[in-house]
Each structure stands twice: as structure tokens, then as C-alpha cells.
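Colleague: Could you work out the structure for the sequence below:
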Amino acid sequence: MFTEHSLPAAGVRLNVAHGPKAGAPVWFFHGLGRRWQDFAPLLGGLAATHTIRAVDHRGHGKSSHAPGCYSLPEYVADAAALVRESNEPVTLVGHSLGALASLGAAAAEPDRVRGVVLLDPPGPGYLARIDTTLYGTTWAAMRRLAGTSQEIGAVARELAELRIPVDGQTVRFGDLRDAASLRFMARCLHDLDPDTMTLPLARKWLGNYDPFAAAANVTCPVLLVASDPEKGGMLPPAEAERLTAALVDGHRIDLPGVGHLIHWQDAHRASLLLHAFLGSLG
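Modeller: Numbers count the residues shown, from 1 in each chain. This is a model prediction of the structure:
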């Protein structure tokens with residue numbers, strides 16, 4: 001159903017998966033350390049009514065590596081370049097890193113974006129204390145394992161034995177993620193540039209990117225879906241409230257009991273939300 005092509009962006013070439021033409025175009029931007037196939041739980045149901053495009057970020061999947069050039073403004077520039085190349089207004093769906101990139105692209109190209117879906121974008125305050133969260137440990141392990149020549153199963157087993165701090169205790173990562181999810185994560189790491197993790201771990205990832213300022217410049221409807229902070233959500237309630245208030249036409253939905261990987265942990269609810277929001281755009 002999907003074919004892959006390389007497209008130019010902001011100084012790199014990005015791998016983009018193309019679905020069959022079936023309606024208004026929707027672009028998908030994945031999270032840090034993942035690849036376009038991360039959205040597989042959602043794409044099949046949407047491909048019948050929308051023209052799907054799903055991107056590997058720079059340094060991820062089959063896209064170009066760009067050592068030293070993995071700040072949020074650079075991801076935003078890539079997304080904005082793809083939006084400009086579209087022949088008609090597009091809707092952007094982003095998870096985590098992809099949500100921040102989508103928000104920035106919509107702010108940069110307001111006349112070319114008709115709607116945005118933000119799946120648990122990381123809050124700036126959260127990223128500033130990333131070393132105190134479970135992601136500080138996880139991302140450090142991902143940087144160490146990225147680009148490895150180890151067999152996928154071996155990497156998955158190593159990830160499973162990773163010790164993660166949760167609620168003052170240390171737990172096995174394999175007790176938080178199932179074996180199939182860990183294999184997919186290991187497959188993503190196989191193609192990942194380790195340097196993609198450098199700025200996030202150094203708490204310098206955002207650069208001069210301010211998501212709240214970007215939100216104020218987005219004129220189209222925006223659906224913000226926030227995960228449960230108690231389950232690993234990266235957008236604390238205070239930052240979710242501030243982001244929603246900054247949006248001209250923002251709509252916020254909280255998902256109690258659902259962690260950061262919304263589209264994996266509750267694919268059915270995520271799919272329903274997407275269908276409803278996309279349908280509202282006409």
C-alpha cells in the first residue's frame with residue numbers, strides 16, 4: 001500500500017512513505033528515535049479516506065544523517081520545507097518530537113496548513129529536567145545502542161533488562177514494554193544516528209524554539225492530546241493548559257491511564273480522535 005521516496009528538505013533528504021491518493025493529504029511526523037512505521041496502528045484506517053504521507057526525520061530510518069544538526073529548529077525547518085512542497089493545504093499529525101515539529105511548521109506556514117494534531121508534545125519544563133525522568137535513562141541507552149550492528153533480538157533483550165527509575169523505584173524496561181514493542185524499538189535503533197540523542201540529553205534540544213510562541217502563530221484548528229503524566233506523559237498539566245491557551249483554535253483532550261505512546265497504548269481511541277478531528281476539517 002505504501003511506497004517510499006526520498007525528498008529534499010532543509011539541507012537533508014528525507015525518506016517519505018506515500019499512500020494511495022484518497023482524499024485530503026495528511027502528513028505524519030514520528031517521535032524521537034522512531035521511524036515512519038511507528039504510525040502503522042493508525043495508517044490503515046485512515047488511508048481509505050485520506051492521502052497519507054509519513055516521514056522519517058533526519059537521522060532516523062532511511063533519511064539522511066546530519067551530525068550536529070538535530071535541534072528542534074532544524075526538525076521544524078524540515079517539516080516546513082515539506083509543507084511548502086505540497087500542492088494543496090495539508091493536515092499535520094505529530095507525536096512527541098513530531099508534534100513539536102508539526103506545531104512549528106504550522107506556525108511558519110499558516111496558509112498551507114489546515115489542521116494540526118499534537119500527540120503528547122514534550123513540555124519545555126519537562127525537557128529541562130529530563131535527567132530526573134525515566135526518559136533520561138532510556139534515551140542514554142538508546143544513544144549507546146543506536147546504529148549498532150548487533151542482531152535486533154539481542155538489542156531487544158538488552159533493552160528489556162534496562163533498569164528504569166519509576167516512582168522512586170527501579171524497574172525492568174521489559175516490565176513496562178512488551179517484547180514485540182521492544183523489537184520494534186530495536187529495529188528503529190538500527191538505523192538511528194546516535195547524535196540525535198545528544199542535544200535532548202544535554203537539555204539543549206529546543207534551541208531557540210518556543211512552542212508557546214509557535215502556538216500563538218498557528219491559525220488553523222489544533223487538537224492537543226495529552227497523555228497521563230503518571231504513566232509517562234511528557235506534557236504536564238500546567239504546560240498543557242498554557243499551550244492550549246496560546247492556540248487560536250485549540251481543543252485539548254486528556255487521556256487518563258495512557259502513557260506517552262498514545263497510538264500504541266490506545267490505538268483505538270487515537271484512531272477515533274483522528275477520524276473525528278480530520279472529519280471536522282471538511
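
Colleague: gap between Leu189 and Leu119?
Modeller: 21 Å (CB to CB, to the nearest Å). All C-beta spots, glycine's among them, are computed from the backbone N, C-alpha and C.

Colleague: One more: Gly147?
Modeller: Separation of Gly147 from Leu119 (CB to CB): 26 Å.

Colleague: Looking at the two, which is more packed in?
Modeller: Leu119 (31 against 15; other CB atoms under 10 Å).

Colleague: Go ahead and confirm the more buried one touches Val225.
Modeller: Yes - between Leu119 and Val225 a contact is recorded at 5.2 Å, counting by CB atoms under 8 Å.

Colleague: What segments of the chain are strands?
Modeller: 3-8, 13-18, 25-29, 51-55, 90-95, 113-119, 163-166, 169-172, 222-227, 250-255 (DSSP state E).

Colleague: burial measure for the residue lying closest to Ala246 once chain neighbours are set aside, as a count.
Modeller: Using CB to CB, 6 or more residues apart in numbering and skipping residues adjacent in sequence, the residue nearest Ala246 is Ala215, 3.8 Å away. By other CB under 10 Å, 25 other residues sit near Ala215.

Colleague: Pretty sure Ala215 sits against Leu247.
Modeller: Yes - if you go by CB under 8 Å, Ala215 and Leu247 touch, sitting 5.0 Å apart.

Colleague: hey, what's in contact with both of the two?
Modeller: Val222 (CB atoms under 8 Å, 6 or more residues apart in numbering).

Colleague: So what's the residue count around Gly23?
Modeller: Neighbours of Gly23 (other CB under 10 Å): 13.

Colleague: Now do the contacts for the closest residue to it other than its chain neighbours.
Modeller: Spatial nearest neighbour of Gly23, chain neighbours left out: His50 (4.6 Å); criterion: CB to CB, 6+ apart. By CB under 8 Å, 6+ apart, His50 lies in contact with 22-26, 91, 278.

Colleague: if I look at His50, how far off is Glu151?
Modeller: Distance, His50 to Glu151, using CB to CB: 37 Å.

Colleague: what residues are up against the residue lying closest to Pro124 once chain neighbours are set aside?
Modeller: Nearest residue to Pro124, sequence neighbours excluded (CB to CB, 6+ apart): Leu206, at 6.1 Å. Neighbouring residues of Leu206 by CB under 8 Å, 6+ apart: 71-72, 124, 127.

Colleague: Kind regards, and thank you for your time.
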